[in-house]
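Q: next comes the sequence, and after it the predicted model I'd like to discuss.
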Amino acid sequence: MREVVMYQGEDGYWVVECPSLPGCVSQGKTKEEAIQNIREAISCYIHALEEDHLPVPEEHFDVTVVAV
């Protein structure tokens, strides 16, 4: 299980990032498409780390919403 952050980009596409995997970002025309795409991106990211015998970062998150 991985935490992701989703927001709508200027072009209207949904952007999704996985903070525990630096650089793991995807997008989609809809939220559903963006979530499916980030699932694939996370899977490929972890697979590449494992193939290179590199450690897979642990997931650790604490979500806080700040109202401004």
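A: Ah, there it is.

Q: closest to the centroid, which residue in the chain?
A: Nearest to the mean C-alpha position of the chain, by CA atoms, centre = their mean, lies residue 18 at 2.7 Å.

Q: contact partners for that one?
A: 2, 3, 4, 24, 25, 38, 41, 42, 45 (CB atoms under 8 Å, 6 or more residues apart in numbering). From N, CA and C alone the C-beta is placed, and that goes for glycine too.

Q: buried ones among those?
A: Applying 16 or more other CB atoms under 10 Å to the contacts of residue 18, the neighbour count classes 2, 4, 24, 38, 41, 42, 45 as buried.

Q: please tabulate these in a markdown table and include pLDDT, distance to residue 59 and secondary structure as additional columns.
A: As requested, those are arranged in a markdown table below (pLDDT from 0 to 100; distance: CB to CB, whole Å; DSSP: H, G, I helix; E, B strand; the rest coil):
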| residue | pLDDT | distance to residue 59 | secondary structure |
| --- | --- | --- | --- |
| 2 | 94 | 5 | coil |
| 4 | 96 | 11 | coil |
| 24 | 98 | 12 | coil |
| 38 | 98 | 14 | helix |
| 41 | 98 | 15 | helix |
| 42 | 98 | 10 | helix |
| 45 | 98 | 12 | helix |
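
Q: now do whichever strand or helix holds residue 43: which elements does it pack against?
A: Using DSSP states H and E, residue 43 sits within helix 31-51. Secondary-structure packing of helix 31-51 (3 or more CB pairs under 8 Å, 6 or more residues apart in numbering; DSSP states H and E): strand 5-8, strand 14-17, strand 25-28.

Q: mind listing what's buried along it?
A: 34, 37, 38, 41, 42, 45.

Q: how about it as PDB, C-alpha atoms only?
A: Backbone C-alpha positions of helix 31-51 (Å, rounded to 0.1, in the frame of the first residue of the first chain) are rendered in PDB as follows:
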ATOM      1  CA  LYS A  31      -9.300  10.400 -11.500                       C
ATOM      2  CA  GLU A  32      -9.900   6.700 -12.200                       C
ATOM      3  CA  GLU A  33      -7.400   6.700 -15.100                       C
ATOM      4  CA  ALA A  34      -4.900   8.500 -13.000                       C
ATOM      5  CA  ILE A  35      -5.200   6.000 -10.200                       C
ATOM      6  CA  GLN A  36      -4.800   3.100 -12.600                       C
ATOM      7  CA  ASN A  37      -1.700   4.800 -14.200                       C
ATOM      8  CA  ILE A  38       0.000   5.400 -10.800                       C
ATOM      9  CA  ARG A  39      -0.600   1.800  -9.800                       C
ATOM     10  CA  GLU A  40       1.300   0.700 -12.900                       C
ATOM     11  CA  ALA A  41       4.000   3.400 -12.300                       C
ATOM     12  CA  ILE A  42       4.500   2.200  -8.700                       C
ATOM     13  CA  SER A  43       4.700  -1.400  -9.700                       C
ATOM     14  CA  CYS A  44       7.300  -0.600 -12.400                       C
ATOM     15  CA  TYR A  45       9.300   1.600 -10.100                       C
ATOM     16  CA  ILE A  46       9.500  -1.100  -7.400                       C
ATOM     17  CA  HIS A  47      10.300  -3.800 -10.000                       C
ATOM     18  CA  ALA A  48      13.200  -1.700 -11.400                       C
ATOM     19  CA  LEU A  49      14.600  -1.200  -7.900                       C
ATOM     20  CA  GLU A  50      14.400  -4.900  -7.200                       C
ATOM     21  CA  GLU A  51      16.000  -5.800 -10.500                       C
END
